[in-house]
Structures are given as structure tokens and as C-alpha cells.
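# sequence plus predicted model, see below.
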Amino acid sequence: MSAVEKAKQAAAKVAVTNHYPKDARWVGIGSGTTIVYVVEAIKALGVDTSATKYVPTGYQSKQLIINAGLTAVEFDGIPPGTILDVAFDGADEVDEDLNCIKGGGACLFQEKIVAMQAREFICVADHRKLQPRLLTNWKTIPIEVAPIAAHRVITKLQELGSIDPIIRPSASAKEGPLKTDQGFFIIDAPFPPMLIKSDLAAGQEGNGKESIWAVDVLSRKIKEIAGVLEVGIFSGLTGPEASAAGGIGGQRPVAAYFGMADGSVSVRKAQ
Ligand SMILES: O=C[C@H](O)[C@H](O)[C@H](O)COP(=O)(O)O
């Protein structure tokens, strides 16, 4: 196993140890390569999972749950009003405020609704994902769009300052654009690194001048474009903050676990 895979595995183990609830009823399981180690860590706990339902965030996630011998219930099979005890997921990049970019594997829409239905959203990643600002190392924002509106959305993204947004191709060019689990397209939109709370506190405005955006502002602007199903920026309230405000679930993780290059695990908690 490579050092990066070991880092993901170590982070998953600590995240599950710290956040997998005793007597869990509903658990969200995200998508990607890191979440595989989360499921492995859940199995390694050796707890009785017979009464627990695992909510996938897409096809890969559902197969992962089933292959582990766990019970998968898709999001539309959750009884109305049910709050998931916890949701675990990976990320493509995480900033100092625990805002995330997700969607590198094209699963961002279901990942967002699952995270927002959970009491706690926990992010698990390796050290390459931890950066001071979003779009430092990961250069594009994945955006899920209705195919018929894709070119219109591209024009609107260019007006927001994105240079050369593209429709993500499928693995085989012959098949044309990649299709998500919803049958939608993904647009990958490059923007310059985004502002975080400390930049705003230091007087930077984040109003889009020179296309330098504050995370929440850009996320909202993209979401407002007709034809956009969801944007791969996870920001705003955490689950506990949303619940204190009388709602449920937040899209910003309450904690993020990073497997570091030296084998340790670094934990960041949302402020
Ligand atoms: O669409 C994919 C998801 O947002 C993944 O959680 C994200 O891309 C991270 O994936 P990985 O764990 O493979 O780095």
C-alpha cells in the first residue's frame, strides 16, 4: 500500500473511532477512494450493524456498502424527518475554515443532500487535501448541471471570472461528456484561490473584484445560475450550527481528519 493510501486509512480509522455512534441507526457513506477505508474501519469496530442503515451518495458508494455486507438505503428511502446520526465523506480540498471542494468523482449532489441530512458531517482525507484556501492545489470547482443548460452555465461562469470552464468528458472520449448518477453533466470551473474568514477580517472584501471570491459568496452566485443542480463547494453552517439555528444538517464538516505524511492523523475542528 502506498504512503498516501496508508494516510487515508489512518485518518479513516481515527475518524470512525471518534465519531461512529454507539447504536448508530442511520449513517451516511460518501464517495471516492478514501471512503473505502471508512467502511473498512466501521467493519473493524466489530459492532452489531444489523439495525443500522447506511445511506449512499451514489452508485459506487451503494456497491461499497453492499459489498461490505451492510444495509444500503438510498436517500429517497429514508423516512421523512429522519436525521442521520453521522455522515462520513472525503474531499478534494479543505481550507482552514473547513470549507470543502467536492465532486472530483462527480458525486457532489447526493453527497451534499446526505451531509445536510446528518447531525454531524465528518470529512476524511489525506494531507494533500489540506490547504490554506480552496483552489490552491485543486484548481477547479465541480458543478453539476442539466445537460441542456450546460453552455449557458459556462457563459455565466465566465461572467463570474472563471477562465475556460469545461464540460468534464467521460473516461472514453467516444462516449462524450461524463454523466452523473442523476444523468447530468459536470462542469469544472477554474477560479483563483478563494478568500477565507481571516482574509475578510483583514479587510479583503471578497466581492468578486478581479474574480477573487469569498467561499460562501461564490458558492451562492454559482447556485443561482439556472441550470445548476448543485455546486461542489461545501460551506456555511455545520450540522450543530444549523440545529442551533432551528434547522437540520449543515454542509460544512464539524471535523476533518487528515492522514499526514509522517503517519500521524491531524484533526481540525470547525470554529
Ligand atoms: O465526487 C467525489 C467526492 O466528492 C469525493 O469525496 C472526492 O472527490 C474525494 O475523493 P477521494 O477520496 O478519492 O480523494
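Here it is on my side, so go on.
# could you measure from Asn137 over to Ala242?
As judged by CB to CB, to the nearest Å, Asn137 and Ala242 stand 28 Å apart. In short, each C-beta sits where N, CA and C put it, glycine included.
# more neighbours: which of those two?
Ala242 (18 against 14; other CB atoms under 10 Å).
# phi, psi of the closest residue in space to the more buried one that isn't next to it in sequence?
Spatial nearest neighbour of Ala242, excluding adjacent residues (CB to CB, 6 or more residues apart in numbering): Gly250 at 4.3 Å. When read as degrees, to the nearest 10, the backbone of Gly250 gives phi -130, psi 160.
# try the one 10 residues further on
The phi and psi torsions at Met260 (degrees, to the nearest 10) take the values phi -100, psi 170.
# next one, pLDDT for it please.
What the model reports for Met260 is a pLDDT of 97.
# cool, and Ile148?
At Ile148, the model reports a pLDDT of 98.
# can you show me the strands along the stretch 51-200 of the chain?
Ranges of strands within the stretch 51-200 of the chain are 53-56, 71-72, 86-89, 93-94, 100-101, 121-126, 140-145, 166-167, 185-190, based on DSSP state E, counting those that start in this stretch.
# using JSON lines, lay out those strands together with mean neighbour count.
Below are those laid out as JSON lines (neighbours: other CB atoms under 10 Å):
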{"stretch": "strand 53-56", "mean neighbour count": "24"}
{"stretch": "strand 71-72", "mean neighbour count": "15"}
{"stretch": "strand 86-89", "mean neighbour count": "27"}
{"stretch": "strand 93-94", "mean neighbour count": "24"}
{"stretch": "strand 100-101", "mean neighbour count": "30"}
{"stretch": "strand 121-126", "mean neighbour count": "28"}
{"stretch": "strand 140-145", "mean neighbour count": "26"}
{"stretch": "strand 166-167", "mean neighbour count": "16"}
{"stretch": "strand 185-190", "mean neighbour count": "23"}
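# looking at these, spot the one closest to Glu230.
Comparison of the strands of the stretch 51-200 of the chain against Glu230 by CB to CB identifies strand 140-145 as nearest, at 5.0 Å.
# identify the bridge partners of Ile101.
Glu93, Ile233 (DSSP bridges).
# ok, it - contacts?
With contact taken as CB atoms under 8 Å, 6 or more residues apart in numbering, Ile101 is in contact with Ala91, Asp92, Glu93, Val94, Leu134, Leu135, Trp138, Ile141, Pro142, Gly232, Ile233, Phe234.
# let me know the closest of those to the ligand.
Asp92 (4.7 Å; CB to the nearest ligand atom).
# show me which residues of the stretch 101-250 of the chain sit near the ligand.
Contact residues (CB under 6 Å from any ligand atom) of the stretch 101-250 of the chain with the ligand: Lys102, Gly103, Gly104, Gly105, Ala106, Cys107, Leu108, Glu111.
# how much space separates the residue nearest to the last one when sequence neighbours are not counted from the ligand?
The spatial neighbour of Glu111 that comes closest, neighbours along the chain excluded (CB to CB, 6+ apart), is Thr57 at 4.4 Å. Taken as CB to the nearest ligand atom, to the nearest Å, the spacing of Thr57 relative to the ligand amounts to 8 Å.
# give me the number of residues near Thr57?
Thr57 has 29 neighbours, counted by other CB under 10 Å.
# re the thing from before, redo the residues of the stretch 101-250 of the chain next to the ligand as JSON lines? Include distance to Lys129, pLDDT and neighbour count.
JSON lines is the format used below for these (distance: CB to CB, whole Å; pLDDT from 0 to 100; neighbours: other CB atoms under 10 Å):
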{"residue": "Lys102", "distance to Lys129": "10", "pLDDT": "98", "neighbour count": "30"}
{"residue": "Gly103", "distance to Lys129": "13", "pLDDT": "98", "neighbour count": "29"}
{"residue": "Gly104", "distance to Lys129": "10", "pLDDT": "96", "neighbour count": "22"}
{"residue": "Gly105", "distance to Lys129": "13", "pLDDT": "95", "neighbour count": "21"}
{"residue": "Ala106", "distance to Lys129": "17", "pLDDT": "96", "neighbour count": "22"}
{"residue": "Cys107", "distance to Lys129": "16", "pLDDT": "95", "neighbour count": "30"}
{"residue": "Leu108", "distance to Lys129": "15", "pLDDT": "97", "neighbour count": "29"}
{"residue": "Glu111", "distance to Lys129": "15", "pLDDT": "98", "neighbour count": "31"}
